[in-house]
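Chemist: sequence below, structure please.
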Amino acid sequence: MTNWLLYAVTVLIWGSTWFVIRFQLGVVPPELSVAYRFLAAGSLLMAYALLRGHRLTFGARDHVFLAFQGLTLFCVNYVLFYYASFHFTTGLIAVLFSTMLWLNVANGALFLGTKVRARTVLGGGIGFAGMCVLFWPEMRDLDFGSARTVSLALALFATLSASWGNILSARNQRAGISVLVSNGLAMAYGGALTLAFALARGHEPVFDLSTPYIVSFAFLVLLGSIVAFGSYLTLLGRIGADRAAYAMVLFPVIALAVSTVFEDYRWTASGLAGAGLVIGRQSRGPGPRQARVLNPRAQGYRDLGYRDLGY
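Modeler: The predicted structure is shown next:
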C-alpha cells in the first residue's frame, strides 16, 4: 500500500468516526466505551499476531515504552478530549487538535533527533489557518469562563499526549517492534488503564446491547482502531511524525462532509474558504517520493507487521 493510500484510509476512516461516536453516547460512560474499544482492538490484534507467528515477548524496557504509548495515545488522549467536549464544540476541538502537527515537529526534534523542516512548519500554519476559518462561526462568540478555561487546558494537554504517543510509536518501530504488535500491546495497556480509571471513578461496568451501539462499536474497533491506527502509525514510521500529522488537519473536513450527508450540515462561505485552504495544503502532503522507513530493521512497508492484512 502506497503512502497516499495509507493517508487516504486514515483520513476517511477518522473523518467518519466523529459521526459514528455519537451512537456510543448514552447508556455507557465515555471512559468505559474507550476502554472496551481498545481492549477489544488490542486483543484482536494480539490474537492475530500470535496466529501469524509474531513475537509478543519483549524486555521490560520495551514494555515500559509500549505501556506509555498506550497511556498517552489510547487513554489520556481520548479521556481528556471527552471531558473537554462537555464545554467546547467539536469544531473548536478539531482546531485545537490540529496543533499536533507542530507538537510532532517539536517532539520529534527533541526526542528522536528529527530535522525540523521549514516547509512542514509553514504547511502546518496554512492548515491551521484553514481550520480557524472553517470553524470561525464557532470560535467568534467563544466565551471563556472558568470551566471553559479548564476544558481548553484539557484539550491542549490531550493533544500533547497524542503527540507523545506518536513519538513513542516511532521509537517502538525503531526498536524493531512491528506496528501490528506495538498497536496490539499498546491498545491493551491503554484500554486496561482507561478501565481502571473508569472503575476508580465509580462507574459500573455496563454495556449497551442496542443495535446502534453494537454496530458503532464494531466500526470503531475494526476500522477506527485496527485499520486507521495501523495505517497512520505505519505512515508515521515511513515519513515521520511531522508529515504524518497532516492527517489531523484534514480529517475534520471529511467529518463535515459526512455531516453534510447525514446531519444536514450547511456550508458557509467561511467554511468553504477554510476547507479550500486545508485541502490545498494537503495536496502537497506525503507522497511516495517522501517515503523513508524510520525502522532500521525494516526492509520496506510490508515488514512493519500489517502485511498479512493486505497492507
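
Chemist: burial check on the closest residue to Leu223 other than its chain neighbours, number of neighbours?
Modeler: Leaving aside its chain neighbours, Leu223 sits nearest to Ile13 (5.1 Å; criterion: Cβ to Cβ, 6 or more residues apart in numbering). All C-beta spots, glycine's among them, are computed from the backbone N, C-alpha and C. Here the number of neighbours of Ile13 (other Cβ atoms under 10 Å) works out to 23.

Chemist: with Thr2 instead?
Modeler: Thr2 has 12 nearby residues by other Cβ under 10 Å.

Chemist: backbone phi and psi for Val116, please?
Modeler: Phi and psi for Val116, reported as degrees, to the nearest 10, are phi -80, psi 120.

Chemist: which ones are touching it?
Modeler: When contacts are counted by Cβ atoms under 8 Å, 6 or more residues apart in numbering, Val116 touches 105, 109.

Chemist: pLDDT score for it?
Modeler: The pLDDT attached to Val116 in the predicted structure is 82.

Chemist: hmm, back to that, quick check on the residue nearest to Leu223: phi, psi?
Modeler: Dihedral angles (degrees, to the nearest 10) for Ile13: phi -70, psi -50.

Chemist: OK, contacts around it?
Modeler: By Cβ under 8 Å, 6+ apart, the neighbours of Ile13 are 223-224, 227-228, 231.

Chemist: between which two of the residues you listed is the distance greatest?
Modeler: Greatest spatial distance among the contacts of Ile13 (Cβ to Cβ): Gly224 and Ser231, at 11.1 Å.

Chemist: more neighbours: which of these two?
Modeler: Between Gly224 and Ser231, counting by other Cβ under 10 Å, Ser231 is the more crowded of the two (26 against 21).

Chemist: and that one, what element?
Modeler: Per DSSP states H and E, Ser231 falls inside helix 228-239.

Chemist: ok, then the element right after that helix?
Modeler: Next along from helix 228-239, by DSSP H and E: helix 241-244.

Chemist: tell me what that next one is packed against?
Modeler: helix 100-107, helix 146-174, helix 228-239 (3 or more Cβ pairs under 8 Å, 6 or more residues apart in numbering; DSSP states H and E).

Chemist: of all these, which one is nearest Asn183?
Modeler: helix 228-239 (5.8 Å).

Chemist: alpha carbons only: can I get the closest one in PDB?
Modeler: The C-alpha coordinates for helix 228-239 follow below in PDB (Å, rounded to 0.1, in the frame of the first residue of the first chain):
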ATOM      1  CA  ALA A 228      -6.900   3.500  10.900                       C
ATOM      2  CA  PHE A 229      -4.300   3.500  13.600                       C
ATOM      3  CA  GLY A 230      -2.400   0.800  11.700                       C
ATOM      4  CA  SER A 231      -2.400   2.900   8.600                       C
ATOM      5  CA  TYR A 232      -1.500   6.200  10.400                       C
ATOM      6  CA  LEU A 233       1.300   4.800  12.700                       C
ATOM      7  CA  THR A 234       2.800   2.900   9.800                       C
ATOM      8  CA  LEU A 235       2.800   6.000   7.700                       C
ATOM      9  CA  LEU A 236       4.400   7.800  10.700                       C
ATOM     10  CA  GLY A 237       7.100   5.200  10.700                       C
ATOM     11  CA  ARG A 238       7.800   5.800   7.000                       C
ATOM     12  CA  ILE A 239       7.700   9.500   6.600                       C
END
